[in-house]
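S.K.: one predicted model, sequence on top.
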Amino acid sequence: MNASIPNFTLANGQKIPAMGYGVYMMSSEEVREHLPQALELGYRHIDTANAYFNEVAVGEVVRSCGIPREELFVTTKLFPQSYPYERCAADIDATLSRLGLDYVDLLLFHQPYGDYVDGWRAMEEAVTSGKARAIGLSNFPVHKIDEILEVAVIKPAVLQVEINPYWNQRELKHALAERGLDDMVFEGWYPLGHGDAGLLAEPVFSQIAAAHGKTPAQVILRWHYQEGNVVFPKTLNPGHMADNIDIFDFEITDDEMARIAELPQHPFYQVPEEPPAFVLVENDYAQQATSGPRSPMRPNGE
Ligand SMILES: NC(=O)c1ccc[n+]([C@@H]2O[C@H](COP(=O)([O-])OP(=O)(O)OC[C@H]3O[C@@H](n4cnc5c(N)ncnc54)[C@H](OP(=O)(O)O)[C@@H]3O)[C@@H](O)[C@H]2O)c1
C-alpha cells in the first residue's frame, strides 16, 4: 500500500502533507524500525525535535529510504537554550548536521520561553540562507506571538499546539485570524489525546465510525483534516499506521461535525506562562537516545 496523502498550503506557497508521522518519545532504534514502515505505507512528513534526541536516526532513515528528498517534509524544533541570537545560527547548523540534511522543510521554536523575540531574526536568516523552507512556533500563546509579530519580517507560517476534539482551539484560531494570521497552518499535537481511552471511547465517535465503516481513531483524524489541522499521530503499531492514513475516502457530515463540536473543552496540558523546570535544562543533543525513549519532556506531554 502506498497511500496518497493530501497537502495543505503554507503562506509561502509551500505544500505540507496534512498527515505525518510523529516520533516523540521514540528511541533511535524505534525510529530506525518504524519510520521506514511509515514511509513504505506512504507517509512523507516527519515531525521530530532537538529535544526528542532522535534526529540522527531520523536523518539516517530519510537519507537511506530511497525517496527523493524533495518528496519528504521534515520538521524539527529548537529548544529555548538555542534561541539567543548569538547562539541560534550555530545550533541550527548543528541540527542540520545531526540530521545530515542541507535543509529542513519546517523549523519551529518548540517552547514559548527565553529569547524567542531576539532569536526570530536567526530563524528568518535560516530561511534566507535556505536552511529552513518555513519557520513557525509551537506552544506559543497569543500574547507571545504578538511579541514576535512586532519584529517579524517573515511571519510564523505554522503554529503547533495541542489540538484534539476535547481542545479544538477554535478560539485561538479566531484570535490569530483577527491578527491577520488567517493563512497560518495549525498543527495539532496529541491529535488522538495521546491515546486517551476516554476520548477514543466517546460514543459520538463510535456512532460516526459505524455510519462510515471506520474506527473511532479514524473519525478523529478525519475530523482534524476537515478542521484544517495538520497532524502526525505517533504509533509503533503498523496496523494503526495504516489505519491513520486511511481517512481520505470518506467525509464527516456537517451534522456530525456539529456533534463533535459539542464535546466539553479542556486541554490535556496547560502550557504554563513561566518556564517549567524541564525547559530550563541545558540539553546535550550529541547524546542521542540509543535504547528506550530519551526526552527531557515531562512524561505527560511537552
Ligand atoms: N510540539 C509539542 O510540544 C508536541 C507535544 C506532543 C506531541 N508532539 C508531536 O505530536 C505527535 C503525536 O503526539 P502524541 O504521540 O503525544 O499523541 P497522539 O498521537 O495523540 O497519541 C499517540 C497514542 O495514540 C495511539 N494510537 C495511534 N494511532 C492509533 C489508532 N489508530 N487507534 C488507537 N490508538 C492509536 C498510540 O498507541 P499505539 O502505539 O498502540 O498505536 C499512542 O499511544 C508526537 O509524536 C510529536 O511529533 C508535539
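M.R.: Thanks, I have the structure now. Numbering: from 1, shown residues only.

S.K.: whichever residue of the chain sits closest to the ligand: how many residues sit nearby?
M.R.: Evaluated by C-beta to the nearest ligand atom, the chain has Gly22 as its residue closest to the ligand, separated by 2.3 Å. C-beta coordinates here come from the backbone N, C-alpha and C atoms, glycine included. Neighbours of Gly22 under the rule other C-beta atoms under 10 Å: 23.

S.K.: ok, it - contacts?
M.R.: Residues in contact with Gly22 (C-beta atoms under 8 Å, 6 or more residues apart in numbering) are 47, 189, 232-234.

S.K.: which of these are buried, as a ChimeraX select command?
M.R.: Listed next is the ChimeraX selection for buried residues among the contacts of Gly22, using 16 or more other C-beta atoms under 10 Å:
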select :47,189,232,233,234
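
S.K.: how about Glu147, what does it touch?
M.R.: Counting by C-beta under 8 Å, 6+ apart, Glu147 touches 116-117.

S.K.: list the buried residues in stretch 109-118.
M.R.: For stretch 109-118, burial by neighbour count (16+ other C-beta under 10 Å) applies to 109-116.

S.K.: that one: end-to-end distance?
M.R.: 12 Å (C-alpha to C-alpha, to the nearest Å).

S.K.: who's in contact with it?
M.R.: For stretch 109-118, contacts defined as C-beta under 8 Å, 6+ apart pick out 49-51, 77-81, 83-85, 119-120, 123, 136-141, 144, 147-148, 150-151, 271, 274-275, 279-280, 302.

S.K.: mind checking the SS state of Leu263?
M.R.: Under DSSP: H, G, I helix; E, B strand; the rest coil, Leu263 falls in the coil class.

S.K.: the closest residue to it other than its chain neighbours: neighbour count?
M.R.: Nearest residue to Leu263, sequence neighbours excluded (C-beta to C-beta, 6 or more residues apart in numbering): Pro165, at 5.3 Å. Neighbours of Pro165 under the rule other C-beta under 10 Å: 23.

S.K.: and for the one 3 residues further on?
M.R.: The number of residues packed around Asn168, counting by other C-beta under 10 Å, is 19.

S.K.: what sits against it?
M.R.: Counted by C-beta under 8 Å, 6+ apart, Asn168 has contacts 227, 261, 265.

S.K.: just the buried residues of these.
M.R.: Buried positions within the contacts of Asn168, assessed by neighbour count (16+ other C-beta under 10 Å), are Glu227.

S.K.: Asp182: which of the contacts of Asn168 is nearest?
M.R.: Glu227 (14.5 Å; C-beta to C-beta).

S.K.: can you tell me how far that closest one is from Ala261?
M.R.: Counting by C-beta to C-beta, to the nearest Å, the gap from Glu227 to Ala261 is 10 Å.

S.K.: with pLDDT added, can I get the buried residues of stretch 109-118 in JSON lines?
M.R.: Converted to JSON lines, the buried residues of stretch 109-118 look like this (pLDDT from 0 to 100):
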{"residue": "Phe109", "pLDDT": "98"}
{"residue": "His110", "pLDDT": "98"}
{"residue": "Gln111", "pLDDT": "98"}
{"residue": "Pro112", "pLDDT": "98"}
{"residue": "Tyr113", "pLDDT": "98"}
{"residue": "Gly114", "pLDDT": "97"}
{"residue": "Asp115", "pLDDT": "97"}
{"residue": "Tyr116", "pLDDT": "98"}
